[in-house]
Structure formats: structure tokens, C-alpha cells
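> A predicted structure for the sequence below; I have some questions about it.
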Amino acid sequence: MNAPEGRSAKAAATRAAILASARRAFAQHGYEGAGLRGIAEEAGVTAMMVNRYFGSKEGLFGEVVHDTMRDPVILSPVNLAAADPARAFAEALVGLTGTEATPLDGFLILFRSTTSDTAARIARARIAEAHQRTAEGSVAGEHAAERAALLLSLVAGVQMMRQMMQLAPLAGADPAVLAGLLTPVIGLLLGRVSAPSQG
């Protein structure tokens with residue numbers, strides 16, 4: 001490996017280390033509670049280095065939110081291509097919010113950053129670029145934008161009430177029953193008819 005390639009590899013590794021550290025920090029403390037100095041220290045670099053790679057805390061937060069949306073669990077290519085997307089979405093949502101499941105760091109980052117106007121502005125833009133656009137593409141019929149936004153709100157609501165708040169009827173529900181109840185609701189938002197539940 002020659003010198004330019006070595007420097008490029010080192011720069012990529014440094015950037016990845018900062019991004020990973022920031023994901024953990026924002027998930028634990030939210031936008032306002034996470035500091036660049038702490039993020040930098042955990043990544044093994046200086047705060048000046050963080051600014052060099054991401055420009056600012058805002059820039060870093062935007063990249064972190066974008067990074068959490070690279071591999072969607074519900075709006076995944078497999079679920080989008082399923083014969084019954086509504087049921088696939090419902091089962092994925094129930095699965096990721098189970099009592100034994102670890103909350104997704106992307107959700108925690110947004111959940112714990114809601115008090116910040118700056119974080120909310122950045123998150124809105126990233127959601128519009130990623131999840132909202134993908135969800136709209138899966139909707140049939142008119143009012144696709146509104147239906148897609150309602151679908152995203154439903155997903156976030158179930159994550160909060162079932163996994164974070166552990167509301168008893170949701171946290172203790174039979175997963176098959178819960179998926180069966182969610183499927184027609186999601187199907188309505190998607191503008192698609194799902195097969196009757198067998199549960």
C-alpha cells in the first residue's frame with residue numbers, strides 16, 4: 001500500500017470511529033446532552049478533528065441520523081417486495097419492539113433529541129430524504145405523502161408505547177395477535193388489501 005492509499009484508509013477509519021462514537025453518544029444523551037469533546041475522546045481523536053471531518057456538531061448529527069437510516073428494518077427491500085407488505089411491515093414492527101429486543105439506536109437518537117429545535121430540523125430533512133420518500137413509494141392511491149407520514153408516525157408510536165413506555169396491553173401482547181391487528185391498519189395506509197389474519 002503506497003502513502004496516499006495509507007492516508008486514505010486512515011482517514012476513512014478515523015471518520016468511521018467518530019461516527020460510531022457519535023451514534024452511541026446521541027443515542028444515550030440526545031443532541032443537547034452529547035458533547036463533541038466526549039465524542040472525540042471516545043473515538044481517540046480531538047474535538048478539532050471532529051470538526052475537520054464533519055464541520056460542526058450539526059453536521060455530525062446529520063451524518064449520524066443519515067447513517068442510522070442506511071439499513072431500515074421495516075421499510076427494508078425484503079419487506080417492500082413482499083407479497084403482502086402490510087403484514088411484513090407489521091411483523092417487523094412487532095419483532096423489533098419486543099420486550100427482549102434492544103431499541104434501535106436511530107429511534108433512541110430521535111426520541112432523546114426531540115427537545116432540540118436544531119436536532120428536529122435536521123431530523124426532518126433526513127427523514128424526508130430517506131424514510132418518507134421510501135414510504136411514499138410503497139403507497140398506492142392518492143394522498144401518498146400523508147399516508148406515508150401516518151405510517152411513519154404509527155411505527156414511531158408503537159416503538160415508544162410498546163418498547164419505551166412498555167404499555168401493558170402492548171408490551172404483554174401475543175406477537176401474532178398484535179401483528180394481526182396492525183396489518184389491516186397498515187394495509188389501509190398503504191392503500192392495499194391484506195389477506196385475512198390467521199391468528
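Sure thing, it's come through. Numbers count the residues shown, from 1 in each chain.
> so what's the most centrally placed residue in the chain closest to, chain neighbours aside?
Among the residues of the chain, the one closest to the centroid is Gly106, at 3.9 Å (Cα atoms, centre = their mean). The shortest distance from Gly106 to any residue other than its chain neighbours is 3.1 Å, reached at Thr68 (Cβ to Cβ, 6 or more residues apart in numbering). Placement of C-beta: from N, CA and C, glycine included.
> average pLDDT for the longest helix seen in the chain, rounded please.
For the chain, the helix that runs over the most residues, judged by DSSP state H, is helix 3-33. Averaging pLDDT along helix 3-33 yields 91.
> can you pull out the helices in the protein?
Counting by DSSP H, the chain has helices at residues 3-33, 36-43, 47-54, 57-68, 77-80, 85-96, 105-111, 117-127, 133-137, 144-158, 168-171, 175-190.
> contacts for the second one?
Where contact means Cβ atoms under 8 Å, 6 or more residues apart in numbering, the residues beyond helix 36-43 that reach it are 14, 17-18, 20-22, 24-25, 46-47, 49-51, 57, 60.
> quick check, nearest of those residues to Ile186?
Ranking the contacts of helix 36-43 by separation from Ile186, with Cβ to Cβ as the measure, puts Arg24 on top at 31.2 Å.
> do you know how far the closest one is from Arg87?
Counting by Cβ to Cβ, to the nearest Å, the gap between Arg24 and Arg87 amounts to 34 Å.
> look at those two and report which has more neighbours.
Looking at Arg24 and Arg87 with other Cβ atoms under 10 Å, you find the greater number of neighbours at Arg87, namely 21 against 17.
> for this structure, what helix or strand is lowest in average pLDDT?
Confidence across the helices and strands of the chain bottoms out at helix 3-33, with a mean of 91, counting by mean pLDDT, DSSP states H and E.
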